[in-house]
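>>> build the 3D model from these lines:
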Amino acid sequence: MAAMLKPPGNFSVTPHKVSVCIVLQIYAPPAQITLPFPFPFSSIAQHNRLGMFLLALTKSCDDIFEPKLDELITQLREIGGELDHWLSDHLTCRLSSLSSPDDLFNFFSDLRGILAGPDSGVVVDDQIILDSNSNLGVFLRRCILAFNLLSFEGVCHLLTNIGTYCKEALSSCPTYELPHLDDSSNEVEALLVYENMDLENFVFDKVTEETEARKMASEKVSFHIHAPKALFGLIEDIEVSAELKFKHREKTGEASSFAHHMKDTLRGIDPNGGIFLRTNWQIQGYLCEQADAIEKHSCSFPLNAFESILRQLQKLAPELHRVHFLRYLNNLYHNDYPASLENLHCYFDYSAGAEGFDFVQPTSSASNSFGRYEIALLCLGMMHFHFGHPKQALEVLTEAVRVSQQQSNDTCLAYTLAAICNLLSAIGISSTTEILGSSYGPVTSIGTSLSIQQQLFVLLRRSLKRADGLKLKRLVASNRLAMAKFGLTHVQRPLLSFGPKASMKLKTCPVNVCKELRLSSHLISEFSTESSIMITDGVFSTAWLKNLQKPMGSLVLSLENASGANSNAFHFCAQPNSIPGSVLQLLGSSYLLRATAWEIYGSAPLARINALVYATCFSNASSSADVALAYTKLIQHLAVFKGHREAFAALKLVEEKFCSISKSRILLLKLQLLHERALHLGHLKLAQQVCDELGVLASSVTGVDMELKTEASLRHARTLLAANQFGQAAAVAHSLFCMCYKFNLQVENATVLLLLAEIHKKSGNAVLGLPYALASLSFCQSFNLDLLKASATLTLAELWLSLGSNHAERASILVQGALPMILGHGGLELRSRAYIAEAKCYLSNPSFSVFENSEVVLDPLRQATEELEILEYHELAAEAFYLIAMVFDKLGQLEEREEAAASFMKHVKALENPQNEQDPLFNIH
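Prediction:
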């Protein structure tokens, strides 16, 4: 559904539209033979492929920038298959034959022959004609009508533009070689005639006078007409800065795509004379497209170049208030707080929030006298939230709730409640206690007897109910994702927790989480019934055409090796459908949340497959931060199950793809991998350096990120543990547990408790470690952390083994109970620990005889050594080889014992004398 219908006078004939008409003549020629498909097509599928391409071309002709001839020929070659050269040669030859106004008149007259007229019922069998009311037929009729309205000067002007259009294609594109045109030298000569044609200066003055006369007569022009010199100067200035900005990033995929996009944008107005006026609607569509690009690519979007475009556009068209909002977004995602605040105020000062928001208008007429103040408050609150000002954000959002209620703007109220829920979920429960208890709190009416978690849950339910009542399907899906995220890490206590029927089951409910995630995916079939939808006609087709040049596949898992005709059909079949980008983004978020949920619940295969689905199907429609998160999950999976070498190889590809996009997340992943590898190799100095860098990232100077702060403290404690600084490690871990408990970080609580048990186990105080392991088990059971529960069970078994051989049978029972989960979903390190623990249980048991059943011990130890060799984990590998040497010594197999002892000494020496400076994997640090 189009956002605005254009008046008929806005449609003008351009060289690109003439080229599309020529391709239409190929698709449906006037004189048809008796085959089911016309010449030169060899199959119906080939003919239909060109028809689909033409449908996309005609829908994208209203885009603000039209492709040049070389780009159109490239697109024809992508979908042409065996006919790629024939189609391009026919198009260039046909354009070159238009050398006089009479040729243009004859060409548009011939176009009428492919349209179905009143007597279309009497046609030749199998003749292909275009329905006058179809998309292709309407486009053809508009072109014919626009040409018939042209004066003679306008026809000459069009002819000159066609000449320029052809000359640039032949001079700028190296792929159109002369051998393709050798058999048509007359056409080449005809093309060279355009070098001597200079009709532009002859007719430009008259065309300008005619346009000014029409403007004076109607006193209203539906498109913006501005001085060409100003526009030429703008384009020349920006083109230099844009090229300089991207010169150092041409080798990276993401940056080069930006450079190509900016170059396409800048050449939309041709300084050689090919000026095509753009309508208000087209400018608005361009600004909407750039807003989506800014939100998707965030800080990697070119700040200065695009800011210059917006400034000049604001001077040339001050009535476009959306320019202020684009400047606000541009500065917001580049973390410029003063400029963001200034441009947001300017936008609402000039437009009063009446332009650019897809909201249902409030029923109250009183709101029109003051503008849409509640939307301004909503935007201001989200801006404070983006810059890390939670208290100011919550105060502004609660004021937006009050104003929305006064103005009866239910839609804005629903979005504001959803924003408050996201804010409370993101900043932590503890830091909102004082704010929620103040007079500004939107939840004070709920009652002070409820806990903060319960108040947040009630808010989520209210927001979901309100959005569902207003039929805001996208907001409903977003709220369901918020409900699923809340259910992942919060135990849903009953509101009435007393009486004989009070439930004592304090656990999360994975069934409810999966239900909310499944219901959120229903948006794919329900978004069309939303009460307010704003989709610009032609956006889908433009994306379809641009996607022809995009490489398909995942950079993490495979290299791009598709080429030739085999990739053409795949590219054609893999084009996106006409689903709004916001819908695709929400659907992708559901798969990303599914991956996170399965990580928490402990199912590595399901977590990996959901991350793969997201990276494969939704990366183009999602923000770069979310795509980086998906790739991070996949690389972490590689590190756990394939080793660090595989993970670093994938990380290198991801760094090339994202460059500076989401640098903090990619940098965090890189530091995590370096820290793990340094601990495995025994390089404690490098591990401490990585911890220091993590501490800098978690500094409050750049805004407090609880996840990052928790990760930095956890890594610090593990480094101290590896250095046998048990007292300091326990102090850091205890402080981290207090912080996690304060901010209700339950999954992190279980992890820190398990770390405290490990510290006491290695320090020789197994008795002190037992309560921490049992407490971690309790947390894992309450929050359904199955894999972490298996790890805690394994640690508990190791603690019992440390207490003596009398507890070997109990430890063996614990290990056997955890093995199915560990072997099915655990990584290399966890499986190796389980194998070693199983062997130690047998060796510690007085009733077990090595001579009778030695393979029961040797098999798991061999499995452990193989997997630890992949991880290059020297400490655990040395322990496994030591146990193997002991078994062979008891069996009297001296040669095997010496071999295992040599491997043991090799790992011990590598642990004591790390030579990591020569490791190429550490050179990327």
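>>> ok, which stretches of the stretch 51-200 of the chain are helices?
69-80, 84-96, 101-111, 135-148, 152-172, 185-192, 200-218 (DSSP state H, counting those that start in this stretch).
>>> so what does the first one touch, helix or strand wise?
Here helix 69-80 touches helix 15-27, helix 44-59, helix 84-96, helix 152-172, helix 565-573, going by 3 or more Cβ pairs under 8 Å, 6 or more residues apart in numbering; DSSP states H and E. Heads up, the C-betas are built off the backbone N, CA and C, glycines and all.
>>> again, only using 10 Å
helix 15-27, helix 44-59, helix 84-96, helix 152-172, helix 539-546, helix 565-573 (3 or more Cβ pairs under 10 Å, 6 or more residues apart in numbering; DSSP states H and E).
>>> now do the same for residue 552: its pLDDT.
At residue 552, the model reports a pLDDT of 40.
>>> sorry, back to before: worst mean pLDDT among the helices and strands packed on helix 69-80?
Checking each of the helices and strands packed on helix 69-80, the one with the poorest mean pLDDT is helix 565-573, at a mean of 38.
>>> quick one: list the elements packing against the next helix or strand after it.
Tracing the chain past helix 565-573, the next element assigned as helix or strand by DSSP states H and E is helix 581-601. If you count contacts as 3+ Cβ pairs under 10 Å, 6+ apart, helix 581-601 packs onto helix 280-297, helix 473-489, helix 510-520, helix 523-526, helix 604-617, helix 624-641, helix 746-762, helix 786-802.
>>> could you rerun that using 7 Å?
Applying 3 or more Cβ pairs under 7 Å, 6 or more residues apart in numbering; DSSP states H and E, we find helix 581-601 packed against helix 473-489, helix 510-520, helix 523-526, helix 604-617, helix 624-641.
>>> would you mind putting the helices and strands packed on helix 69-80 into a markdown table with mean neighbour count and distance to residue 312 alongside?
Output for the helices and strands packed on helix 69-80, formatted as a markdown table (neighbours: other Cβ atoms under 10 Å; distance: least, Cβ to Cβ, whole Å):
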| stretch | mean neighbour count | distance to residue 312 |
| --- | --- | --- |
| helix 15-27 | 21 | 25 |
| helix 44-59 | 18 | 29 |
| helix 84-96 | 19 | 33 |
| helix 152-172 | 19 | 24 |
| helix 539-546 | 20 | 23 |
| helix 565-573 | 13 | 36 |
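>>> out of the ones you listed, flag the one nearest residue 474.
Nearest to residue 474 among the helices and strands packed on helix 69-80 is helix 539-546 (16.7 Å), distances taken as Cβ to Cβ.
>>> residue 280: which of the helices and strands packed on helix 69-80 is closest?
That would be helix 539-546 among the helices and strands packed on helix 69-80, by Cβ to Cβ, at 16.7 Å.
>>> output the below-cut-off pLDDT ranges for the stretch 301-450 of the chain.
352-371, 427-450 (pLDDT under 70).
>>> quick one, strands of it?
Taking DSSP state E, counting those that start in this stretch, the stretch 301-450 of the chain contains no strands at all.
>>> part of a strand, is residue 764?
No - secondary structure of residue 764 (DSSP: H, G, I helix; E, B strand; the rest coil): coil, not part of a strand.
>>> find the nearest non-adjacent residue to residue 690, please.
residue 675 (4.4 Å; Cβ to Cβ, 6 or more residues apart in numbering).
>>> and whichever strand or helix holds the one you found, what's buried?
Using DSSP H and E, residue 675 falls within helix 663-681. For helix 663-681, the neighbour count (16 or more other Cβ atoms under 10 Å) marks 665-666, 668-681 as buried.
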